[in-house]
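[1] Show me how the following folds:
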Amino acid sequence: MAMRFASTRQKAPQVSFSEAVVSGIAPDGGLYLPTEWPQADLQSFGEASGKASDLAGVATRFIAPFIAGDRLESKLPDITRDAFDFPAPLVPLTKDERLSVLELFHGPTAAFKDFGARFLAASMRRMHRDVVQPLTILVATSGDTGAAVAAAFAGMPGFRVVILYPDRRVSARQAHQLGCFGANVAALRVAGSFDDCQRLVKQAFADDALRARMPLSSANSISLGRLLPQMSYYAHSSLAHIRAHGAALNYVIPTGNLGNAFAAILARAAGMPVGRIVLASNANRVLADFFSGNDYAPRASVATLANAMDVGAPSNFERLRWFFRDDATLRSDIRAFAVDDDAIRTTIQDRHARFGEIHCPHTATAVNVLQALRRDGEEGDWAVVATAHAAKFDSVVEPLIGGRVEVPTALAELLARPSHAEPLTADYAALRGRLLAR
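    Model (predicted):
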């Protein structure tokens, strides 16, 4: 039976996986989720799933039930092979085998966003888009999403990418990445916050007159084409860990817009041996305050060292609430903590001095939370999710560790290119005009 996807707001028709991917957001403004949750048979994955090289194989087997009956079903092995051609290793944190780091920064733009962006692009490329009327991929980014999407779609016929990012609120190297692709990729530096960028994108998707003139799709964390593949590295790492150690793996996940964290929740719901899930955010305390018992209260974001998580209104909270149905159940299952800039600095310095570890500011929030959990007597096997390479944040990390951070080859190649971004006011009329001007 073909899998269908429904809007979280329940006021739009159910659609196929391909239809959900292309539209990005449902017509009623909601976010797509599967109508049912296939349960994985762990034995069916085979012993090879414990190998670092088998990420694409695990992804194919795990995602297959979610796109059953879709026109892309037979092409899934090719899609995962294209998307997951770099590793997501689970490596020890210090010498304690019960503490690990899930390194998600080995892709072309040195951030976890590469997994979802490349899967999305590989899927859309096989939908045979019309090159005369290109599909515009509209992206709001707080630092890493835009570069990953640009890298995945750069030079692809039938697509153009328009990236909105908050001017002077991303690292210098992040900004350079965003503007270094050219061709079918345009970077717009918005005079405002990430929340402003996200608001402009949502206005564009709600503009029926605009969408009648040009097809639009999303590659933000609201995209189903990013959410499903991000479940794969939780499936892969949790399978590898339970086969090696006989215990479920718990995760501390740095998060801002909740896409990466929600992927872990969904992987667990689909039967993967994912244990407890703890969220780590920066000084933007919306999630930490909610999970401590306060009302959900989006607010203006504040700038922090962990800029990719500078989000005041997490888009995927709507999915989270829909999935758990009531707040009491949600709070009983998930915990969240906020880490301020001083604690981020201290964590980066301390871990390097004691263990030689080098963490980006986002990963440092998760390490800080894990340390606090351990001090409070939290037992079990834990993994910190490392969402970006520290070299993307050299201006923060290098002064703290008193040395240079080695730049990965792929990142160095992007930084060697010329880069350009256009200024844009935080005004929807300005964005609409820019989109229609092509």
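
[2] Could you give the backbone dihedrals for residue 22?
    As for residue 22, its main-chain torsions (degrees, to the nearest 10) stand at phi -70, psi -40.

[3] from memory it sits against residue 135, does it?
    Yes. Judged on Cβ atoms under 8 Å, residue 22 makes contact with residue 135 at a distance of 7.3 Å. (Each C-beta comes from the backbone N, C-alpha and C, glycine too.)

[4] For residue 111, grab phi and psi.
    phi -150, psi 160.

[5] I'd guessed it sits against residue 386; true?
    No. Counting by Cβ under 8 Å, residue 111 does not reach residue 386; the two are 9.9 Å apart.

[6] Need the overlap of contacts for those two.
    Common contacts of residue 111 and residue 386 (Cβ atoms under 8 Å, 6 or more residues apart in numbering): 104, 105.

[7] Secondary structure element for residue 188, which one?
    strand 185-191 (DSSP states H and E).

[8] before we move on, back to that, pull up the overlap in contacts between residue 22 and residue 135.
    Both residue 22 and residue 135 are in contact with 124, 215, 217, where contact means Cβ under 8 Å, 6+ apart.

[9] What about those, which are in strands?
    Taking DSSP state E, the ones among these that sit in strands are residue 217.

[10] Quick one, which of the shared contacts of residue 22 and residue 135 are buried?
    By neighbour count, with 16 or more other Cβ atoms under 10 Å, these hold 124, 217 as buried.

[11] of all the shared contacts of residue 22 and residue 135, which comes closest to residue 403?
    Nearest to residue 403 among those, counting by Cβ to Cβ, is residue 124 at 41.4 Å.

[12] Give me the distance between the closest one and residue 83.
    According to Cβ to Cβ, to the nearest Å, residue 124 stands 12 Å off from residue 83.

[13] For burial, what's the neighbour tally of the closest residue to residue 3 other than its chain neighbours?
    In this structure, residue 3 finds its nearest non-sequential neighbour in residue 68, 5.0 Å apart by Cβ to Cβ, 6 or more residues apart in numbering. If you count neighbours by other Cβ atoms under 10 Å, residue 68 ends up with 14.

[14] try residue 231
    26.

[15] For it, list the residues it contacts.
    Residue 231 neighbours (Cβ under 8 Å, 6+ apart): 62, 63, 263, 264, 266, 267, 270, 272.

[16] and it, helix, strand or coil?
    Assigned with DSSP: H, G, I helix; E, B strand; the rest coil, residue 231 falls in the helix class.

[17] Relative to residue 298, how far out is the residue lying closest to it once chain neighbours are set aside?
    Nearest residue to residue 231 in three dimensions, chain neighbours excluded: residue 267, at 4.2 Å (Cβ to Cβ, 6+ apart). The spacing between residue 267 and residue 298, counted by Cβ to Cβ, is 26 Å.

[18] More neighbours: which of these two?
    residue 267 (26 against 13).

[19] Could I get the pLDDT score of that one?
    Looking at residue 267, its pLDDT stands at 96.

[20] How about residue 285?
    96.

[21] Is the spatially closest residue to residue 381 that is not a sequence neighbour part of a helix or strand, or is it coil?
    Using Cβ to Cβ, 6+ apart and skipping residues adjacent in sequence, the residue nearest residue 381 is residue 98, 4.7 Å away. Secondary structure, three-state DSSP: residue 98 is strand.

[22] Go ahead and confirm residue 98 touches residue 378.
    No. Using Cβ under 8 Å, residue 98 is not in contact with residue 378, being 10.9 Å away.

[23] Between those two, which has more neighbouring residues?
    The residue with more neighbours, out of residue 98 and residue 378, is residue 98; 17 against 13, by other Cβ under 10 Å.

[24] Contact partners for that one?
    Taking Cβ under 8 Å, 6+ apart, one finds 245, 380, 381, 382 in contact with residue 98.

[25] if I look at it, how far off is residue 274?
    Per Cβ to Cβ, residue 98 is found 16 Å from residue 274.

[26] for the stretch 151-300 of the chain, what are the low-confidence residue spans?
    Counting by pLDDT under 70, the stretch 151-300 of the chain contains no low-confidence segment.

[27] Can you show me the helices along it?
    Secondary structure of the stretch 151-300 of the chain (DSSP state H, counting those that start in this stretch): helices at 172-178, 194-206, 208-213, 224-245, 259-269, 286-291.

[28] Redo those as JSON lines? Include distance to residue 366.
    Listed next are these as JSON lines, based on distance: least, Cβ to Cβ, whole Å:
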{"stretch": "helix 172-178", "distance to residue 366": "19"}
{"stretch": "helix 194-206", "distance to residue 366": "20"}
{"stretch": "helix 208-213", "distance to residue 366": "38"}
{"stretch": "helix 224-245", "distance to residue 366": "14"}
{"stretch": "helix 259-269", "distance to residue 366": "11"}
{"stretch": "helix 286-291", "distance to residue 366": "13"}
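
[29] Select, out of the ones you listed, the one closest to residue 92.
    helix 224-245 (11.4 Å).

[30] returning to that earlier point: pull the most distant pair out of the contacts of residue 231.
    Greatest spatial distance in the contacts of residue 231: 63 and 264, 15.1 Å, computed using Cβ to Cβ.

[31] Name the residues of stretch 14-32 that are buried.
    15-27, 30-32.

[32] and if you look at stretch 350-368?
    Those would be 350-352, 357-368, for stretch 350-368 by 16+ other Cβ under 10 Å.

[33] So what touches it?
    93-94, 101, 105, 252-254, 280-282, 304-309, 339, 343-344, 346-348, 384-390, 392-393, 396-397, 400-401, 405.
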